[in-house]
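Peer 1: the sequence and its predicted three-dimensional model are supplied below.
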Amino acid sequence: MKELFNISPHSTGDGFTMDLKTGEVDVPDEYGGYIISTSMGAGKTESIKSMIRQKYNDGILYCVDTKEELKKMYCWIIDELVKDKSCGLNYNDVMIVSSDKDFQYQLSLYRDNPEMLMYKKVILITHVRFWTDLINYFLIYSPDKNEEVRPFDGDFA
């Protein structure tokens, strides 16, 4: 599967390069949060799709402005990745945290057991939820279910 704008992983680490219409964006090999801000139609969303497809095992937090954007990406992940058996991403690896009526079941799971987020490979949220909910759970991906959740210390690195 090829997206309209593919990312190119670095050969020496975990970083990658996004080749957008407006230019090239190099995301370094270090873990951390990155904000990609370019003009509308530059290829950000398509590049992010490519990144999710190629790097979901590293843990992805997808954060957007609106519930509509959130739902659109969630549906794409389910339709194009989860339903593609060769991809390896399972339905239970993906979590959307949204008050949208279509996702009430997942929201209730999250409310009853927020630490479940640590074990999801892809989490989709809105910016508002990122700042109002349990930020430490959004920032930790741990395939080891025995790992304790540490309080967020304010260091986004």
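Peer 2: Received the coordinates, thanks. Numbering: from 1, shown residues only.
Peer 1: quick check, Arg53 in contact with Leu81.
Peer 2: Yes - the pair Arg53 / Leu81 is scored as a contact, 6.1 Å apart, by CB atoms under 8 Å. All C-beta atoms are positioned from the backbone trio N, CA, C, and that covers glycine.
Peer 1: joint contacts of these two?
Peer 2: Cys87 (CB atoms under 8 Å, 6 or more residues apart in numbering).
Peer 1: what sits against Leu89?
Peer 2: Neighbour list for Leu89: 56, 77, 81-82, 121-122 [criterion: CB under 8 Å, 6+ apart].
Peer 1: helix, strand or coil for it?
Peer 2: Using DSSP: H, G, I helix; E, B strand; the rest coil, the structure places Leu89 in coil.
Peer 1: which one is it nearest to, not counting chain neighbours?
Peer 2: Nearest-residue entry for Leu89: Leu81, 4.7 Å, with adjacent residues in sequence omitted and distances by CB to CB, 6 or more residues apart in numbering.
Peer 1: count of neighbours near that neighbour?
Peer 2: 21 (other CB atoms under 10 Å).
Peer 1: wait, Cys87 touches Leu81, no?
Peer 2: Yes - counting by CB under 8 Å, Cys87 does reach Leu81; the two are 4.8 Å apart.
Peer 1: what do the two both touch?
Peer 2: Both Cys87 and Leu81 are in contact with Arg53, where contact means CB under 8 Å, 6+ apart.
Peer 1: check the gap between Glu69 and Cys87 for me.
Peer 2: In this view, Glu69 and Cys87 are 22 Å apart by CB to CB, to the nearest Å.
Peer 1: tell me the mean pLDDT over the helix ranked longest in the chain?
Peer 2: Taking DSSP state H as the criterion, the chain has its longest helix at helix 44-55. Mean pLDDT, helix 44-55: 88.
Peer 1: packing partners for that helix?
Peer 2: Judged by 3 or more CB pairs under 8 Å, 6 or more residues apart in numbering; DSSP states H and E, helix 44-55 is in contact with strand 7-9, strand 16-20, strand 60-64, helix 67-76.
Peer 1: ok now stretch 20-40, how far from the chain's centre?
Peer 2: Centroid separation for stretch 20-40 versus its chain: 14 Å, with CA atoms, centre = their mean, to the nearest Å.
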